[in-house]
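> okay, sequence plus prediction incoming.
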Amino acid sequence: MRLSSKRLFLRVASFTAVALMLPLQSVQAQTVLRVAASPVPHAEILEFVKPKLQAEGIDLQVKVYTDYVQPNLVVDEGQLEANFFQHRPYLSAFNKDRKTQVVEVPNSAVLIEPFGGYSRKITSVAQLKTGAVVAIPNDPSNSGRALALLAQQGLIKLKDPTSIQATARDVVDNPRKLQFRELEAAQLPRALGDVDLALINTNYALEAKLNPLKDALFLEDGLKSAYGNFIATRADNADSPAIRKLVAALHTPEVRQFIQTRYKGTITPAF
């Protein structure tokens, strides 16, 4: 049976319209999820799960930040949907100080980064001289964490050894008269040549090509640490399908193996 020219034209036009719509529908099916992250290890882990999320309809876009302030601000302001770089004490202190409302996604902890003490001038704590300069992070939660680790090493005593918000003013015994220099956490690796000892977050240590297992004079016990790094977002987004898929993708045996293989024990899976 032969089709008239008009019928043939309409059928071809219909097929063309459907063909043109398919790519558009494919694009529309992808939900964009923008996540702020520190370069190492957080952004690397997010990049690892991108293909899995892509297959589930999530276009994961990783935005890298080298500081601990902007990732929370861009989430609070709605510029990005989530972030992955911090632990609970830091987020609590940040929200209180900045009047922000970023929240932890429940049960989303992915990893623990043991805090460590590093030096280019000494090879053991016993060599730390009286009056030595010790650099610690200047944000409240991480400065408290650094001081607690120094107390565990017997270098100082704190008014309340259990406090995670301790400051240099809470040091009640300092037999070596250590001098504390508070710096931005990201600056600590670069300060190693200028101080006797620096307490450094593992993500910044790794960025500076420091191996915590080989280069740290001492490390926090990661298995006992309460500083798991998790996904954070706004309260109205915490239970969104995209966030749920992100957490599920991060909590897989493949991600656990990736963390263990790539970071060789310097980072501990928290799930």
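Alright, I've got the coordinates.

> make it CA atoms for all contacts and neighbour counts henceforth
OK.

> please enumerate the helices of the stretch 1-150 of the chain.
Counting by DSSP state H, counting those that start in this stretch, the stretch 1-150 of the chain has helices at residues 5-28, 44-55, 70-76, 88-98, 140-152.

> which residues in the stretch 151-271 of the chain form strands?
157-158, 171-173, 179-183, 197-200, 218-219, 228-234, 268-269 (DSSP state E, counting those that start in this stretch).

> show me what the third one packs onto, helices and strands only.
Here strand 179-183 touches strand 133-137, going by 3 or more Cα pairs under 8 Å, 6 or more residues apart in numbering; DSSP states H and E.

> do the same with the last one
Using 3+ Cα pairs under 8 Å, 6+ apart as the contact definition, the elements that strand 268-269 packs against are strand 111-112, helix 253-263.

> swap the cut-off to 10 Å and go again
Contacts defined by 3 or more Cα pairs under 10 Å, 6 or more residues apart in numbering; DSSP states H and E place strand 268-269 against strand 111-112, strand 228-234, helix 253-263.

> would you format the ones you listed as TSV with distance to I122 and mean pLDDT included?
As requested, the helices and strands packed on strand 268-269 are arranged in TSV below (distance: least, Cα to Cα, whole Å; pLDDT from 0 to 100):
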stretch	distance to I122	mean pLDDT
strand 111-112	27	96
strand 228-234	30	98
helix 253-263	25	97
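
> of those, which is nearest D170?
strand 228-234 (24.7 Å; Cα to Cα).

> if we can go back for a sec, where among the helices of the stretch 1-150 of the chain is the average confidence lowest?
The minimum mean pLDDT among the helices of the stretch 1-150 of the chain belongs to helix 5-28 (a mean of 47).

> so who does the closest residue to V110 other than its chain neighbours touch?
Take V110 and drop its neighbours on the chain: the residue closest to it by Cα to Cα, 6 or more residues apart in numbering is A270, 5.0 Å away. The contact partners of A270, taken as Cα atoms under 10 Å, 6 or more residues apart in numbering, are 107-113, 222-223, 225, 227-230, 251, 256.

> out of those, who's nearest Q79?
Distances from Q79 to the contacts of A270, taken by Cα to Cα, are shortest for F230, at 19.0 Å.

> show me what that closest one is bridged to.
As for beta bridges, F230 partners with Q86 under DSSP bridges.

> just give the number of residues close to it.
23 (other Cα atoms under 10 Å).

> from T100, how far out is it?
Per Cα to Cα, to the nearest Å, F230 is found 17 Å from T100.

> can you put the helices and strands packed on strand 268-269 in a markdown table and add distance to E184?
Formatted as a markdown table, the helices and strands packed on strand 268-269 follow (distance: least, Cα to Cα, whole Å):
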| stretch | distance to E184 |
| --- | --- |
| strand 111-112 | 20 |
| strand 228-234 | 19 |
| helix 253-263 | 24 |
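
> of the ones you listed, which is nearest R244?
Nearest of these (Cα to Cα): strand 228-234, 10.3 Å.

> the closest one to helix 88-98, inter-axis angle?
40 degrees (axes from the mean of the first three to the mean of the last three Cα atoms, to 10 degrees).

> right, and L80 touches V64 too?
No. Taking contacts as Cα atoms under 10 Å, L80 lies outside contact range of V64: 11.6 Å.

> need the overlap of contacts for the two.
The contact lists of L80 and V64 share V35, A36, P71, where a contact means Cα under 10 Å, 6+ apart.

> so what pLDDT did A226 get?
A226 is given a pLDDT of 79.

> picking that back up, quick one, which of L80 and V64 is more surrounded?
Just comparing L80 and V64: by other Cα under 10 Å the higher neighbour count belongs to L80, 21 against 17.
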